[in-house]
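> this one's structure only:
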């Protein structure tokens, strides 16, 4: 065709990526600073927060709807991330924090968006009374709201691990599980405990709008496990060099598409464009699975020996392709391995191929960490805290982001299945180590930051 | 600046800015071959005052595929309305129609 530079093959490739391989824009997230909402009393603060969020993001849903249609690419989630609430809440009491959470939920409802993140605190070095109040408010805040997501940063490579905070988060997770026991302890699915949290992450539940960010910004998260799977299926028994090249090329295409749509969204919303987060984030849909990619690389089931190496290859190749495609790649780019949201992971857990120990090992080479893992409801708070401490230590020593989103499902035992619905999927309850970590967690204090020379 | 999509469809301009959307779109029609597909699509487009720049058709993989490049400058309807009309025409003819702005192919397949 005279007017176009594309071949029919290329056009069909794009269409089949979207229609049969589930390539999508996972999320368009507006980050909103709430620093200018600070007020002397809680009521006024809530009003300011509500007004600013609903004003700034009022066109989000309309614009993403238009773009999805014009480019033929589904946009799955519309989200908002706000300044960590602990930074703007003044002297709020736990009850007042719950009211702020309800205000955020109302704003999210008004906008018709999926999730709003930023009910967050950063306590890697120490906790203020305000941080304590926010954490104390979490069980009620997450039980009484639907769309509010929360994160707490408990460690970093520079500050070390705040073991007081980690102990408290262990207890908090259990409290949230109990408060939302009637709904499969779903409150825990809306809380992420981070080490080395990034400030430009559009993915929930860990999204917030960092203190270093501008007034408002549009971040985009793209996802395409199915597309990568198809590419390496076609390569059959190619060697690792060829596989890496295929994954890089695919990641490149996906990132470019994401940036186009992200920039178009930013233009139409009259906001600056922030970053694109290129992640292979799975969904419960068949074919949209990171586990299947690892299995296609040659594992009978994900979780068996070789899984960590395969994931390392995949994650690095995805980052390389993305970094070539856009100058503003950020967030948590790489591969996500949430358990309940990935059909292949769910099967592996049911067959006993993947365990919490192997998951932990795999998180040392992928994005984030122990994500959406359901454990027995009677798991002690100290055990949860110790799981958080292990995961945070991996992040701290390896200078990467790690996180824990774990759900002790009240009333459920190993082998039972819990369903969260929608994108959150379903998961078998997997066992945790039965020996106690109570004495370890009871020590309190801070694990010092690591030496950054002499790396091994 | 925030532009209204309807306006954008009506007055596309080639701009130096990489963010600006051009007014061209690619129509892909996939399905079983039959009489009247081109006529049906061309009529639908003409009714919306959309100019056809190019047509190619072939059998790619196992599908009968027709690809059209169209110019949305001067379109009398919004992108949304055009999509609805094309989908209607497509289901009447028993084919699947996709319309997508050209840029998506440009960014994915050309560096």
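Looks like it came in fine. These figures come from a predicted structure and were not determined experimentally.

> and residue A:409, how many neighbours does it have?
Applying other Cβ atoms under 10 Å in any protein chain shown, we find 24 other residues in the vicinity of residue A:409. All C-beta spots, glycine's among them, are computed from the backbone N, C-alpha and C.

> Kindly report the same for residue A:199.
So residue A:199, with other Cβ under 10 Å, has 17 neighbours.

> Residue A:170 now?
The local packing count at residue A:170 equals 27, with neighbours defined by other Cβ under 10 Å.

> quick one, strands of chain B?
When secondary structure is read from DSSP state E, chain B shows strands at B:24-31, B:51-60, B:63-71, B:95-101.

> same check, this time on the stretch 51-200 of chain A
Using DSSP state E, counting those that start in this stretch, the strands assigned to the stretch 51-200 of chain A run over residues A:75-82, A:115-122, A:148-156, A:160-162, A:191-195.

> quick one on the thing from earlier: quick one: the strands of chain B as CSV, columns for distance to chain A and mean pLDDT too.
Written out in CSV, the entries for the strands of chain B read as follows (distance: least, Cβ to the nearest Cβ, whole Å; pLDDT from 0 to 100):
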stretch, distance to chain A, mean pLDDT
strand B:24-31, 6, 92
strand B:51-60, 4, 86
strand B:63-71, 5, 88
strand B:95-101, 4, 93
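
> Between the ones you listed, which one is closest to residue A:403.
Ranking the strands of chain B by proximity to residue A:403 (Cβ to Cβ) places strand B:95-101 first, at 35.7 Å.

> longest helix anywhere in chain A?
helix A:240-269 (DSSP state H).

> Output the contacting helices and strands for it.
Contact partners of helix A:240-269 among helices and strands, from 3 or more Cβ pairs under 8 Å, 6 or more residues apart in numbering or on different chains; DSSP states H and E: strand A:24-32, helix A:60-71, strand A:216-223, helix A:225-234, strand A:273-280, helix A:307-325, helix B:103-109.

> would TSV of these with distance to residue A:337 be doable?
Output for the helices and strands packed on helix A:240-269, formatted as TSV (distance: least, Cβ to Cβ, whole Å):
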stretch	distance to residue A:337
strand A:24-32	15
helix A:60-71	27
strand A:216-223	13
helix A:225-234	11
strand A:273-280	9
helix A:307-325	7
helix B:103-109	26
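
> Tell me which of these sits nearest to residue A:451.
Ranking the helices and strands packed on helix A:240-269 by distance to residue A:451, with Cβ to Cβ as the measure, places helix A:307-325 first at 24.0 Å.

> Could I get the buried residue list for the closest one?
Neighbour-count burial for helix A:307-325, counted by 16 or more other Cβ atoms under 10 Å in any protein chain shown, picks out A:307-308, A:310-311, A:313-325.

> Quick one: residues contacting the nearest residue to residue A:169 once chain neighbours are set aside.
Excluding its sequence neighbours, the residue lying closest to residue A:169 (Cβ to Cβ, 6 or more residues apart in numbering or on different chains) is residue A:193, at 5.1 Å. The neighbourhood of residue A:193, defined by Cβ atoms under 8 Å, 6 or more residues apart in numbering or on different chains, consists of A:151, A:152, A:154, A:166, A:169, A:173, A:388, A:392, A:403, A:404, A:405.

> who does residue A:193 bridge with?
residue A:152, residue A:404 (DSSP bridges).

> what's the spacing between it and residue A:130?
Taking Cβ to Cβ, to the nearest Å as the measure, residue A:193 and residue A:130 are separated by 18 Å.

> Also residue A:452?
Residue A:452 is 30 Å from residue A:130, where distance means Cβ to Cβ.

> ok now do the residue of the stretch 51-200 of chain A found nearest chain B, which residues does it touch?
Of all residues in the stretch 51-200 of chain A, the one sitting closest to chain B is residue A:72 (3.8 Å; Cβ to the nearest Cβ). By Cβ under 8 Å, 6+ apart, residue A:72 lies in contact with A:15, A:18, B:98, B:99, B:100, B:104.

> nearest to residue A:180, of those?
Distance to residue A:180, by Cβ to Cβ, is smallest for residue A:18 among those, at 35.4 Å.

> Three-state assignment for the closest one, please.
Using DSSP: H, G, I helix; E, B strand; the rest coil, the structure places residue A:18 in helix.

> got a list of what it touches?
Applying Cβ under 8 Å, 6+ apart, we find residue A:18 in contact with A:24, A:72, A:73, A:74.

> Which one among these sits at the bottom for pLDDT?
Looking at pLDDT alone, the contacts of residue A:18 dip lowest at residue A:24, where the score is 89.

> neighbours around that residue, how many?
The local packing count at residue A:24 equals 26, with neighbours defined by other Cβ under 10 Å.

> repeat for residue A:378
Residue A:378 - counted by other Cβ under 10 Å - has 12 other residues nearby.

> Identify the spatial nearest neighbour of it, chain neighbours not counted.
Computed as Cβ to Cβ, 6+ apart, the closest residue to residue A:378 that is not its neighbour in sequence is residue A:408, at 7.7 Å.

> The one you found is in contact with residue A:177, isn't it?
Yes - Residue A:408 lies in contact with residue A:177 (Cβ atoms under 8 Å); the separation is 4.7 Å.

> who's residue A:28 bridged to?
Judged by DSSP bridges, the bridge partners of residue A:28 are residue A:78, residue A:220.

> which residues touch it?
Residues touching residue A:28, when contacts are defined by Cβ under 8 Å, 6+ apart, comprise A:60, A:64, A:75, A:77-79, A:202, A:218-220, A:261-262, A:265.

> let's see it at 10 Å
Neighbouring residues of residue A:28 by Cβ atoms under 10 Å, 6 or more residues apart in numbering or on different chains: A:60-61, A:63-64, A:67-68, A:75-79, A:113, A:202, A:218-221, A:258, A:261-262, A:265-266, A:269.

> and what of residue A:48?
Shown here is residue A:48, whose contacts under the criterion Cβ under 10 Å, 6+ apart are A:34, A:36, A:37, A:38, A:39, A:88, A:103.

> from these, which single one is nearest chain B?
Looking across the contacts of residue A:48 and measuring by Cβ to the nearest Cβ, the closest to chain B is residue A:36, at 21.5 Å.

> re earlier: farthest pair within the contacts of residue A:18?
By the measure Cβ to Cβ, these have their two most distant members at A:24 and A:72, which lie 11.1 Å apart.

> Was I right to think residue A:187 contacts residue A:175?
Yes - taking Cβ atoms under 10 Å as the contact criterion, residue A:187 and residue A:175 are neighbours in contact, 9.0 Å apart.

> So the two - more neighbours on which side?
residue A:187 (26 against 20).

> residues contacting that one?
By Cβ under 10 Å, 6+ apart, the neighbours of residue A:187 are A:138-145, A:150, A:173, A:175-181, A:407.

> Filter the residues you listed down to the buried ones and hand me the PyMOL line.
When burial is assessed using 16+ other Cβ under 10 Å, the buried subset of those is captured in PyMOL by this command:
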select buried, chain A and resi 138+139+140+141+142+143+144+145+150+173+175+176+177+179+180+181+407
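
> Restricted to helices, list the contacts of residue A:187.
Counting by DSSP H, the members of the contacts of residue A:187 that fall within helices are A:138-144, A:173, A:175-179.

> got a list of contacts for stretch A:304-314?
Under the contact criterion Cβ under 10 Å, 6+ apart, stretch A:304-314 has outside partners A:225, A:228, A:232, A:240, A:243-244, A:247, A:251, A:280, A:290-291, A:293-302, A:334-335, A:337, A:348, A:353-354, A:358-359, A:361-366.
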